[in-house]
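In: Output the structure for:
(one chain, ligands or ions: 2)
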Amino acid sequence: MRIGIAGAGAFGTALAVTLAQAGQAVTLWARDAEAVEEMRRTRRVARLPEIELPEGIEPVSELSSLFACDTILMALPAQATRVFVTEHAGALAGKVLVACAKGIDLHSLTGQTAIISEAVPSATPALLTGPSFAADIARGLPTALTLACADDGCGAALQQALSTPTLRLYRSADVIGAELGGALKNVIAIACGACIGAGLGDSARAALMTRGFAEMQRLAASLGAAPETLMGLSGFGDLVLTCSSELSRNYRYGLALGRGEAFDSHMTVEGAATARAVTDLAAARGLDLPISAVTARMVAGDLTPLQALDALINRPLKEERE
Ligand SMILES: NC(=O)c1ccc[n+]([C@@H]2O[C@H](COP(=O)([O-])OP(=O)(O)OC[C@H]3O[C@@H](n4cnc5c(N)ncnc54)[C@H](O)[C@@H]3O)[C@@H](O)[C@H]2O)c1
Ligand SMILES: O=P(O)(O)OC[C@H](O)CO
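Out: Numbers count the residues shown, from 1 in each chain. Ligands and ions are numbered 1, 2, ... in the order given. The predicted model follows:
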């Protein structure tokens, strides 16, 4: 298996580092030729400046080098995937394409693997997701992720090839469930950050995580996910990590909203677009997802965190299982 990674941001680089340390040769592609030249010279990447790139990583800016690989990990932001795979559909034909982004595409309202399948029908799509901070993976801290693929043989081969001494992959055939868990938890993490940033307390955050998880389960079930997938690493596991750590950009973005502070617009915050996508999906399916809905309105600047709290807490009382 010849492994290429599209996107030399934090996550793409972290995956390249752990794979190279385990003895794999990795082609790491970035679109910016100057940045790649700098990476070659310094063996460092801007998004993970404290990490030295092992020898097994070849940074490239030529797409031909990336397309020479048979297995490509797609580590671009979720909203960039559709354009990339559509533009390069011919070169990507027949390849194994492993989606690593956690977000719902705003244009199609589908997950990453559906975008890949639509643009490149001959490719085999897979997904790598679960609770992990790029810095932890790159530093060799123990991490467990989900490798989801509808093709069992390909899933097993990827599980073997992408596991390293510090990165343990569990296999799943429920691609839809795994990708929805990873995408939807980012929306709830923004809500939790806003809650803490606005000084509403840990009890309120626990309520948001729990009721937010109920929303994740409701939407995922309506889109065909297996309930147990949401209970696993890609759903519950990643929700816990992202809603409770200031290493999370989604959570930090929420904190900034809660405090009324500005946030770095160059930072990848997947939950912001996905909150809008979830609102559209919920409307189309007649689902009530109040936490996701007020989060989308906070992100759009239509509600303050206190107004969002007011909207949530004053809803009609109901049974917990509803
Ligand atoms: N950082 C993490 O801890 C982490 C962990 C797990 C999953 N992820 C997921 O990985 C995905 C990428 O996140 P990241 O942390 O690497 O983000 P990042 O912002 O660090 O890097 C994204 C990279 O993609 C490049 N890029 C953006 N648009 C592009 C385009 N149109 N074409 C080509 N390149 C483009 C950027 O220049 C940048 O190098 C996200 O969906 C995120 O949820 C991140
Ligand atoms: O920094 P975030 O919020 O994108 O979170 C990174 C990972 O998704 C956590 O699993």
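In: So Leu208 versus ligand 2, what's the distance?
Out: Distance from Leu208 to ligand 2, counting by CB to the nearest ligand atom, to the nearest Å: 15 Å. No exception for glycine: its C-beta is placed from N, CA and C like everyone else's.
In: How about the contacts made by that residue?
Out: Going by CB atoms under 8 Å, 6 or more residues apart in numbering, Leu208 touches 188, 191-192, 195, 243, 291.
In: show me what contacts Gln79?
Out: With CB under 8 Å, 6+ apart, Gln79 has these contacts: 103, 105-106, 273.
In: Excluding chain neighbours, what is closest to the one residue in the stretch 1-150 of the chain that gets nearest to ligand 1?
Out: The stretch 1-150 of the chain approaches ligand 1 most closely through Gly9 (1.6 Å), counting by CB to the nearest ligand atom. Closest residue to Gly9 apart from its sequence neighbours, by CB to CB, 6 or more residues apart in numbering: Arg47 at 5.1 Å.
In: In three-state terms, label that neighbour for me.
Out: The assignment at Arg47 comes out as coil when based on DSSP: H, G, I helix; E, B strand; the rest coil.
In: The lowest-mean-pLDDT helix or strand in the chain: how far from the chain's middle?
Out: Least confident helix or strand, the chain: helix 305-313 with a mean of 94, by mean pLDDT, DSSP states H and E. Distance, stretch centre to chain centre, for helix 305-313: 27 Å (CA atoms, centre = their mean, to the nearest Å).
In: Identify the residues contacting that helix?
Out: The contact list for helix 305-313, computed with CB under 8 Å, 6+ apart, reads 191, 194-195, 197-198, 200, 204, 257-258, 290-291, 294-295, 297-298, 303.
In: got a pLDDT number for the residue nearest the centre of the chain?
Out: Central residue of the chain (CA atoms, centre = their mean): Lys102, 2.1 Å from the mean position. At Lys102, the model reports a pLDDT of 98.
In: before we move on, the earlier item: quick check on the contacts of Leu208: which are buried?
Out: Neighbour counting with 16 or more other CB atoms under 10 Å marks 188, 191-192, 195, 243, 291 as buried within the contacts of Leu208.
In: Adding pLDDT, write the residues you listed out as TSV.
Out: Shown next, in TSV, are the buried ones among the contacts of Leu208 (pLDDT from 0 to 100):
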residue	pLDDT
Ile188	98
Ala191	98
Cys192	98
Cys195	97
Cys243	98
Ile291	98
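In: In those residues, find the pair that's most separated.
Out: The span of the buried ones among the contacts of Leu208, defined through CB to CB, is set by Cys243 and Ile291 at 11.4 Å.
In: list residues touching both of those two?
Out: Common contacts of Cys243 and Ile291, defined by CB under 8 Å, 6+ apart, comprise 188, 208, 212.
In: What helix or strand is the first one located in?
Out: If you go by DSSP states H and E, Ile188 is part of helix 175-197.
In: what comes up buried for the helix or strand just after that helix?
Out: Per DSSP H and E, the first helix or strand lying C-terminal to helix 175-197 is helix 202-222. If you call a residue buried by 16+ other CB under 10 Å, then helix 202-222 has these buried ones: 204-205, 207-209, 211-213, 215-220.
In: Put the alpha carbons of helix 202-222 into PDB.
Out: Output in PDB follows, covering the C-alpha atoms of helix 202-222 (Å, rounded to 0.1, in the frame of the first residue of the first chain):
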ATOM      1  CA  ASP A 202     -20.400  22.600  34.500                       C
ATOM      2  CA  SER A 203     -23.900  21.300  35.300                       C
ATOM      3  CA  ALA A 204     -25.300  23.100  32.200                       C
ATOM      4  CA  ARG A 205     -22.500  21.700  30.100                       C
ATOM      5  CA  ALA A 206     -23.300  18.200  31.300                       C
ATOM      6  CA  ALA A 207     -26.900  18.800  30.300                       C
ATOM      7  CA  LEU A 208     -25.900  20.100  26.900                       C
ATOM      8  CA  MET A 209     -23.600  17.100  26.300                       C
ATOM      9  CA  THR A 210     -26.300  14.600  27.200                       C
ATOM     10  CA  ARG A 211     -29.200  16.200  25.400                       C
ATOM     11  CA  GLY A 212     -26.900  17.000  22.500                       C
ATOM     12  CA  PHE A 213     -26.000  13.400  22.300                       C
ATOM     13  CA  ALA A 214     -29.700  12.600  22.200                       C
ATOM     14  CA  GLU A 215     -29.900  14.900  19.100                       C
ATOM     15  CA  MET A 216     -26.900  13.200  17.500                       C
ATOM     16  CA  GLN A 217     -28.600   9.800  18.000                       C
ATOM     17  CA  ARG A 218     -31.900  11.100  16.600                       C
ATOM     18  CA  LEU A 219     -30.500  12.500  13.400                       C
ATOM     19  CA  ALA A 220     -28.100   9.600  12.900                       C
ATOM     20  CA  ALA A 221     -30.900   7.100  13.300                       C
ATOM     21  CA  SER A 222     -33.000   8.900  10.800                       C
END
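In: ok now that helix, how far from the chain's centre?
Out: That offset, for helix 202-222, works out to 18 Å (CA atoms, centre = their mean).
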